[in-house]
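[1] Just to be clear, the model below is a prediction. Sequence and coordinates:
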Amino acid sequence: MVSSPSIQLRHLFWLLGGLALVVAPHMPRLPWWLNLIALILFTWRVYLAWGERALPRKWLLALLVVGGLFGAYVTYRTIFGRDSGVALLVLFLSLKLLETHHQRDALVLVLLTYFLALTNFFYSQTLPTAGLMLASTLVNTASLVNFAAPGRTLQANLKTAGLLLAQAGPVMLILFFLFPRVQGPLWGLPQDAYSGVTGLSDSMSPGAISRLSQSDAIAFRVRFREDAPPKRQLYWRGPVFWDFDGRTWRAGDARPYAQIKFEASGKPYDYEITLEPHNHNWLFALELTANIPPNASITRDHMLFSRIPVRNRVRYDLRSYTNFTVGDADDADELRPGLQLPADFNPRSRRLAEEWAAGGTTDAAIAQKALDYFREQGFVYTLEPPLLGRDSVDEFLFGSKRGFCEHYASSFVFLMRAAGVPARVVTGYQGGDINPVDQYMVVRQSDAHAWAELWLNGRGWVRFDPTAAASPMRLESGVAAAVPATDPLPLMARTTLYWLRGLRYNWDALANKWNQLVLGYNPERQREFLTRMGMSEPSWENMALTLFWGVGGLLALLTAWLLRRMRNADPVQRLWLRFCAKLGKKGHARAAHEGPADFVARTAERYPTEAGRIRAIGERYIALRYGERADAHMLAELRLLVREFSV
């Protein structure tokens, strides 16, 4: 058995380069001890190769494996799952370097590195991740080329690897468009595929939305069919809260409602929402939506609910009105929860509300008194409100007077209920930023907002935004213009950094294209595309059959092109085929399985008078074709010998 060649230092650098590109995105997610061990093992392997020293004993590697398993279990409390699995894979690949004696071992390491590259998509499917993994694939493929053709330059190896990947591109596209898509996350594991998502919660307490507003992550994108509404009308409705325990607001009865009942006036707005995953069931819509998307329902408090949690990016079309009247005038069951308050909480706020109600004014007048109170008593809109204690509403209204939208909405609804006015808290997003590059409106987590709805006789549920009373700039110009300059807004949200905003617009537009065309290619989009391409019934059987013939036909064409190119581009092979053709015309054709050495030996016996010239042609062909270096002088000799050869 022929042994595999030993790995050399230049091979090792190729391996380490490809492995480093794949491991680097994982490093912030890995425990510090594993990053340290991987760095030590990398350095140790280079040290051993540099001095041509012996690799460590098997018992030491086994000990490191056991230690790594123990460390992973202590860190993650399991050795299964996404995080612990990736950590162990990084550890084992690093240890594999210390037992890589021969090129055969290195080939196994490269193939495992390809697999490790896929694990990066468990955490992120963004364009930068895809670009970095493409670069790692290029380097690892160049490493394989380096093993197969030693002695070539770095540029030559990368060029060959790039050509191989380019040739695989058409097959990749066919697989992308025709391989049956599956519903659900392609890159994820059941127990942790949806961890780390950002978005509104199913409850609201002081400070919850202000923390969320410090995130620059995108909540959803909107494309309006025509002009968008004014910014102050952009209320994107989300979770509605009824129950209050003195500190935290929670949703009430969220059973689906049979239909949407409201009276609308004015212009309707048609638009498409691309919602980022947030691992909850609610969908967002511009108030107030007139239709329900497929696979969704609506509650009595006009909350859109998806049948399954939003764990993938979803798109849906809506029509909404910004001028509307909603609510049944005699629905006492709906109004009763809007008056409930916890006992023995916020006594000062209760007394203030009772004083307003004792004046005999209407409910609308009581609400106006509350808004005037926020407007005139020196309240400050800030992302850094102080911590509040048991009587949070009292402490906010009569103490700190510093808060974010959840403080204003919560205290306003408390005051209204204490005054006998049915009220509820609505959370969602307010505003949005039109990207001038692709004309999509981008709504970010920093646009998270909370407001109130009151029941007014004859008018139904009416929106009141107490935050706007304390800080009118919030609705007109967004969070960045409303909060103090010292508040910790995301860097991209600062309105003074115009050049940075321009970069963000272009990047958001590019990322949106990636999301819409690549990540958004779900089963519905695939069926639509194949139907437009002429497939009358795009079932998985038809897609599989088309995929088989498409890939097979493409591979056949690619193989024919490569063979033709090899024959035309390789002067040595072309001369050898010309020599074989001359002998074939004399009835002495080369067998398909016959190598050049055997063919030359057989031909020399058949034509003894030309044996010397035949052997000379064979020797030069074998040296040029299979030797380490091509010799221009030898090629000229082969060309002359083949041209003059005749039998």
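    Received, thanks.
[2] Going by C-alpha atoms from here, please, whenever you check contacts or count neighbours.
    Fine.
[3] show me the biggest helix of this structure in terms of residues.
    Across the chain, the helix with the greatest residue count (assigned by DSSP state H) is helix 540-569.
[4] Surely Glu406 is in a strand?
    No: looking at Glu406 with DSSP: H, G, I helix; E, B strand; the rest coil, it is helix, so not inside a strand.
[5] Can you report how many residues lie near it?
    The local packing of Glu406 (other CA atoms under 10 Å) involves 27 other residues.
[6] residues touching it, list them.
    Applying CA atoms under 8 Å, 6 or more residues apart in numbering to Glu406 gives the contacts 204-210, 449-451.
[7] what's the answer for Asp317, then?
    270-273, 293 are the contacts of Asp317 under CA under 8 Å, 6+ apart.
[8] Likewise for His407?
    The contact partners of His407, by CA under 8 Å, 6+ apart, come to 206-207, 393, 396.
[9] tell me the secondary structure for the closest residue to Thr427 other than its chain neighbours?
    Take Thr427 and drop its neighbours on the chain: the residue closest to it by CA to CA, 6 or more residues apart in numbering is Ala450, 4.3 Å away. Following three-state DSSP, Ala450 is assigned to strand.
[10] Next: Ser320.
    Under three-state DSSP, Ser320 comes out as strand.
[11] before we move on, the earlier item: so can I have CSV of the contacts of Asp317 showing distance to Ser539, secondary structure and pLDDT?
    Shown next, in CSV, are those (distance: CA to CA, whole Å; DSSP: H, G, I helix; E, B strand; the rest coil; pLDDT from 0 to 100):
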residue, distance to Ser539, secondary structure, pLDDT
Asp270, 31, strand, 95
Tyr271, 30, strand, 96
Glu272, 27, strand, 95
Ile273, 27, strand, 94
Pro293, 24, coil, 91
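[12] quick one: the strands in the stretch 451-600 of the chain?
    Taking DSSP state E, counting those that start in this stretch, the strands of the stretch 451-600 of the chain run over residues 460-464.
[13] Tell me where it has helices.
    466-470, 473-477, 479-482, 498-514, 523-532, 540-569, 571-585, 596-606 (DSSP state H, counting those that start in this stretch).
[14] Point out where the protein drops to low pLDDT.
    When residues are selected by pLDDT under 70, those of the chain lie in 1-6, 150-151, 182-198, 254, 258-260, 328-333, 474-499, 565-569, 628-630.
[15] Name the residue closest to the centre of it, please.
    Gln125 (2.9 Å; CA atoms, centre = their mean).
[16] Okay, and that residue sits in which element?
    Using DSSP states H and E, Gln125 maps to neither a helix nor a strand.
[17] before we move on, what about Glu263?
    Going by DSSP H and E, Glu263 is in strand 262-275.
[18] And for Pro239?
    Using DSSP H and E, Pro239 falls in strand 235-244.
[19] any idea which helix or strand comes after that strand?
    Using DSSP H and E, the helix or strand that directly follows strand 235-244 along the chain is strand 249-251.
[20] Contacts for the helix or strand following that following strand, please.
    Next helix or strand after strand 249-251 toward the C-terminus (DSSP H and E): strand 256-257. Applying CA under 8 Å, 6+ apart, the contact partners of strand 256-257 are 297-300.
[21] Serialize those to a markdown table and add fields for secondary structure, distance to Ala470 and neighbour count.
    As requested, those are exported to a markdown table (DSSP: H, G, I helix; E, B strand; the rest coil; distance: CA to CA, whole Å; neighbours: other CA atoms under 10 Å):
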| residue | secondary structure | distance to Ala470 | neighbour count |
| --- | --- | --- | --- |
| Ser297 | strand | 35 | 22 |
| Ile298 | strand | 32 | 23 |
| Thr299 | strand | 31 | 17 |
| Arg300 | coil | 30 | 17 |
